[in-house]
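> Fold the following and give me the result.
(one chain, ligands or ions: 1)
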Amino acid sequence: MVKIGNLELGEFPLLLAPMEDVSDPPFRAVCKENGADLMYTEFISSEGLIRDAAKSIQKLDIFEYERPVGIQIFGNEIQSMREAAAIVEAARPDILDINYGCPVNKVACKGAGAGILLDIDKMVAMTAEIVKAVNIPVTVKTRLGWSQDTIRIVEVAERLQDVGIQAISIHARTRQQMYKGEADWSYLNLVKANPRLHIPVFGNGDIDSPEKAKEYRDKYNVDGMMIGRASIGYPWIFNEIKHYFATGEKLAAPDLEQRIRVTKKHLDFSVQWKGEKQGILEMRRHYTNYFRGMPNFKPFRAEMVTAETYQHVCAVLDQVAEVYADYEF
Ligand SMILES: Cc1cc2nc3c(=O)[nH]c(=O)nc-3n(C[C@H](O)[C@H](O)[C@H](O)COP(=O)(O)O)c2cc1C
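Residues are numbered from 1 along each chain as shown. Okay, here's the model as predicted:
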């Protein structure tokens with residue numbers, strides 16, 4: 001049984017990766033329904049939280065049904081991160097996660113996200129302060145290192161454990177790689193081979209099928225996996241992997257009815273959470289993904305992403321159900 005603090009996460013938990021503008025409550029709702037064992041919010045700026053910026057504060061929204069859920073923060077100032085941690089704790093998540101992996105310039109080049117991998121002493125000191133500031137379990141998400149020749153992930157994991165983190169998720173790329181090349185999970189084996197390390201280690205990077213999940217589970221000795229991009233428009237991936245682990249057989253791909261039902265649930269939640277106008281706007285980026293591969297879908301997509309009322313989007317979805325009734329995925 002994998003545990004983070006008192007949270008019991010099953011034998012081999014599948015985690016939904018934190019993803020900016022993606023892993024919001026509506027998306028988490030459909031991932032939860034489809035087998036995600038632990039989910040995280042997108043990263044939230046510590047400075048934004050402290051300033052009480054509405055956009056950052058809204059990202060703290062979590063709902064009872066989705067527990068266990070973690071809230072992720074990022075920043076480069078120890079004091080701000082400590083204050084932000086206290087604000088996060090007041091929102092009552094099950095876990096506080098620290099982002100030490102974001103590679104984009106505006107974050108990493110200021111020393112936040114993956115930028116802190118250039119100063120591991122600061123990374124350890126910041127983590128220690130955050131652990132002291134809250135009573136909930138603290139976890140970390142990071143990358144292998146800043147660049148190929150500065151990878152010190154075995155040492156980093158152990159030192160972060162020693163200052164109190166209770167699990168680590170490792171995206172098996174360096175900051176330099178951004179999202180290019182293949183994730184190199186062999187480093188996860190090295191992290192797990194450290195006899196002093198006892199916290200759960202979750203592997204992340206490029207898991208996009210049940211077969212790959214099984215291959216990597218068997219090969220790299222991790223305690224669970226975190227899945228990001230493959231879940232976008234395809235939340236079924238979590239249950240598909242679980243089913244494959246349990247039976248060695250692949251579940252059939254979701255049919256049109258399931259796709260429409262999940263799209264609708266996602267839409268309904270967006271509208272309830274953000275109001276009709278904003279909810280419809282934020283949902284627009286998801287349609288292509290839910291209906292990927294369907295021939296001649298463009299006109300339907302075009303209508304969905306220009307529709308301005310909830311009724312209109314639903315009418316297009318009804319039309320899709322009718323036109324593609326016999327389509328097989
Ligand atoms: C659109 C997008 C947004 C992301 N936002 C975050 C984030 O807010 N916090 C974070 O730790 N990682 C973020 N990531 C990185 C993912 O959590 C994950 O580490 C990465 O996508 C590799 O996993 P995958 O191959 O399963 O997608 C983001 C990735 C994508 C594609």
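> C-alpha from now on. contacts and neighbour counts both.
Fine.
> which stretches of the protein aren't confidently modelled?
The model of the chain has no residue with pLDDT under 70.
> Show me which residues of it are close to the ligand?
Residues of the chain lying near the ligand by Cα under 6 Å from any ligand atom: 17-20, 42-43, 99, 101-102, 141, 171, 204-207, 227-230.
> Narrow these to those that are buried.
Buried subset of the residues of the chain next to the ligand (neighbour count, 16 or more other Cα atoms under 10 Å): 17-18, 42-43, 99, 101-102, 141, 171, 204-207, 227-228, 230.
> Sort out for me which of these are in strands.
Residues of those located in strands (DSSP state E): E42, F43, N99, K141, H171, N204, I227.
> With distance to P25 as added columns, please give the residues you listed in CSV.
Listed next are those as CSV, based on distance: Cα to Cα, whole Å:
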residue, distance to P25
E42, 10
F43, 13
N99, 19
K141, 20
H171, 23
N204, 21
I227, 17
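> So which of the buried ones among the residues of the chain next to the ligand is the closest to G248?
Among these, I207 lies closest to G248 (Cα to Cα), at 17.0 Å.
> quick one, what contacts that closest one?
The contact partners of I207, by Cα atoms under 8 Å, 6 or more residues apart in numbering, come to A213, I227, A230.
> Out of those, the closest to the ligand would be?
Closest to the ligand out of the contacts of I207 is I227 (3.9 Å), distances taken as Cα to the nearest ligand atom.
> buried residues in the helix ranked longest in the chain?
Ranked by residue count, the top helix of the chain under DSSP state H comes out as helix 256-274. Under the neighbour-count criterion of 16+ other Cα under 10 Å, helix 256-274 has L256, R259, I260, V262, T263, K265, H266, L267, D268, F269, S270, V271 buried.
> same check, this time on stretch 296-310
Result for stretch 296-310 [16+ other Cα under 10 Å]: buried residues F300, R301, M304, V305, A307, Y310.
> which residues does the closest residue to L38 other than its chain neighbours contact?
Closest residue to L38 apart from its sequence neighbours, by Cα to Cα, 6 or more residues apart in numbering: L15 at 4.8 Å. Counting by Cα under 8 Å, 6+ apart, L15 touches A36, D37, L38, M39, G224, M225, M226, I227.
> what's near enough to touch R175?
Counting by Cα under 8 Å, 6+ apart, R175 has contacts G101, C102, P103, A114, R143, L144, G145, W146, S147.
> for those, which one is nearest A53?
Looking across those and measuring by Cα to Cα, the closest to A53 is C102, at 20.8 Å.
> Adding distance to V2, write the buried residues of helix 256-274 out as a markdown table.
Putting those into a markdown table (distance: Cα to Cα, whole Å) gives the following:
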| residue | distance to V2 |
| --- | --- |
| L256 | 35 |
| R259 | 31 |
| I260 | 34 |
| V262 | 29 |
| T263 | 32 |
| K265 | 30 |
| H266 | 29 |
| L267 | 33 |
| D268 | 33 |
| F269 | 30 |
| S270 | 32 |
| V271 | 35 |
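> Farthest pair within those?
L256 and V271 (22.2 Å).
> what distance separates the start and the end of stretch 176-194?
End-to-end distance for stretch 176-194, by Cα to Cα, to the nearest Å: 25 Å.
> for stretch 74-83, same thing?
OK, stretch 74-83 end separation, Cα to Cα: 12 Å.
> just stretch 71-85 next, same as before
Note: stretch 71-85 ends 9 Å apart using Cα to Cα.
> Isn't E8 up against D37?
No: when contacts are counted by Cα atoms under 8 Å, E8 is not listed as touching D37 (9.7 Å).
> Those two: which is more packed in?
D37 (23 against 13; other Cα atoms under 10 Å).
> and that one, what does it touch?
So D37 contacts L9, P13, L14, L15, L16, P68 (Cα under 8 Å, 6+ apart).
> how far away is it from S147?
Distance from D37 to S147, by Cα to Cα: 31 Å.
> Same check on V305?
From V305 to S147 the distance is 40 Å (Cα to Cα).
> what's the answer for D268, then?
Noted for D268: a distance of 43 Å to S147, by Cα to Cα.
> so where do the strands sit in the stretch 201-329 of the chain?
201-204, 224-227 (DSSP state E, counting those that start in this stretch).
> The closest residue to K214 other than its chain neighbours and the ligand: what is the separation?
Excluding its sequence neighbours, the residue lying closest to K214 (Cα to Cα, 6+ apart) is F245, at 6.6 Å. To the ligand, F245 is 18 Å away according to Cα to the nearest ligand atom, to the nearest Å.
> now do Y187
Counting by Cα to the nearest ligand atom - Y187 and the ligand are separated by 15 Å.
> Which element, helix or strand, includes that residue?
In this structure, Y187 is located in helix 186-193 according to DSSP states H and E.
> Many thanks, we can stop here.
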